[in-house]
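> All I have is the shape, not the residue letters:
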């Protein structure tokens, strides 16, 4: 983790906080939604983008975090304890989901995670003492370090602080031996074994770390919505998170947050434009159509994500060549 990345992370958090103040209650709601989605996307990017382990169980893992935090909070526990407990439970369940990855690869393992998503959704519905069944678990307002979390505005600070911590932690992780082992594993298990990397250990740790972050996101989502229900953590949510990291840019530092903002804010923008154009009657199908079409076109013309697109749009005068880089023919180094 370098100082530049830390400054960027803090600046983004401050900007999001300022937007929540400028746009009132709705702004706070949207900032929370983007921050929570960003945390969840960082979690999945760690697993898929860096570790190369495809998973369709992200939505269910957020549900595990939401139910865990809700039960701890409703029992009188502090909100911070509930969030950390949700992270631990998410890590444990994610590690269990990752066990088949020790023997399965590619499409076969992806199907195994799809089965895990379905199993967890079913458990959310039948474990009445913990989840309150299909009715969902109502989560009472909590306190974090004695500060009441009774509104979207009060949740902005915890959400942004956790987002920055996770963002910085993932960046730091990828600069140590464990993170580098994830990258090698993504490219080739055979090469990883040849380099002396314990493949099974690295895979389980990737799922454990990703699940912990997903649990944090789920806890914040539960506190923001005041409800954890099976309908909120379905395969559709997993698909949304996969879309976030693909649109933002797999295996990049800023991609998950950019993708999260895109997926969360685009439907809202489409709704506003539709209402202004008098298309309220067909707004719902129009929003789904436009959203799906934009994603398809985007993936066709820029499969490396918004991060690559933005880097290409950066003015040449702002680009700083790497030390020792040789300029292309006809180009000169900036003074």
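Structure received. Just so it is clear, the structure is predicted and the values come from calculations on it, not from any experiment.
> Quick one: the strands in the protein, in order.
Per DSSP state E, the chain carries strands over the ranges 137-138, 142-144, 147-149, 227-228.
> hey, which of those is tucked in deepest?
strand 227-228 (a mean of 23; mean count of other Cβ atoms under 10 Å). C-beta: built from backbone N, CA, C; applies to glycine.
> And the contacts of stretch 112-127?
54-57, 59-61, 63-64, 67, 93, 97, 100-101, 104, 131, 133-134, 229-230, 233-235, 238 (Cβ atoms under 8 Å, 6 or more residues apart in numbering).
> one step back: redo the strands of the chain as a markdown table? Include distance to residue 164 and mean pLDDT.
Shown next, in a markdown table, are those (distance: least, Cβ to Cβ, whole Å; pLDDT from 0 to 100):
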| stretch | distance to residue 164 | mean pLDDT |
| --- | --- | --- |
| strand 137-138 | 28 | 94 |
| strand 142-144 | 16 | 88 |
| strand 147-149 | 18 | 86 |
| strand 227-228 | 25 | 93 |
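> okay, the ones you listed in TSV with distance to residue 121 next?
Putting the strands of the chain into TSV (distance: least, Cβ to Cβ, whole Å) gives the following:
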stretch	distance to residue 121
strand 137-138	15
strand 142-144	25
strand 147-149	27
strand 227-228	12
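> Out of those, flag the one nearest residue 205.
The closest of those to residue 205 is strand 227-228. By Cβ to Cβ, the value is 27.3 Å.
> So which elements touch the closest one?
Identification of packing neighbours for strand 227-228 by 3 or more Cβ pairs under 8 Å, 6 or more residues apart in numbering; DSSP states H and E yields helix 58-74, strand 137-138.
> Give me the buried subset of the contacts of stretch 112-127.
Neighbour counting with 16 or more other Cβ atoms under 10 Å marks 54-57, 59-61, 63-64, 67, 93, 97, 100-101, 131, 229-230, 233-235, 238 as buried within those.
> sorry, back to before: list just the one of the helices and strands packed on strand 227-228 that sits closest to residue 203.
Per Cβ to Cβ, nearest to residue 203 of the helices and strands packed on strand 227-228: helix 58-74, 16.1 Å.
> Give me the distance between residue 102 and residue 197.
14 Å (Cβ to Cβ, to the nearest Å).
> between those two, what contacts are shared?
With the criterion set as Cβ under 8 Å, 6+ apart, the contacts of residue 102 and residue 197 do not overlap.
> For the residue nearest to residue 248 when sequence neighbours are not counted, list the residues it contacts.
Computed as Cβ to Cβ, 6 or more residues apart in numbering, the closest residue to residue 248 that is not its neighbour in sequence is residue 259, at 2.6 Å. Taking Cβ under 8 Å, 6+ apart, we find residue 259 in contact with 41, 243-249, 305-306.
> so residue 151 touches residue 25, yeah?
Yes: the pair residue 151 and residue 25 qualifies as a contact (Cβ atoms under 8 Å) at a distance of 7.5 Å.
> burial of residue 236, as a residue count?
For residue 236, the neighbour count with other Cβ atoms under 10 Å is 10.
> And for residue 191?
11.
> hang on, it packs against residue 183?
No: the criterion here is Cβ under 8 Å, and residue 191 misses it with residue 183 at 10.6 Å.
> OK, contacts around the residue lying closest to residue 106 once chain neighbours are set aside?
Distances taken as Cβ to Cβ, 6+ apart place residue 54 nearest to residue 106, at 7.6 Å, with adjacent residues excluded. When contacts are counted by Cβ under 8 Å, 6+ apart, residue 54 touches 48, 106, 109-110, 113.
> Now with 10 Å, please.
Contact analysis of residue 54 by Cβ atoms under 10 Å, 6 or more residues apart in numbering lists 44, 47-48, 101, 105-107, 109-114, 242.
> Quick check: PyMOL command selecting the buried ones in the residues you listed.
Buried subset of these, written as a PyMOL selection, criterion 16+ other Cβ under 10 Å:
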select buried, resi 44+47+48+101+109+110+112+113+114+242
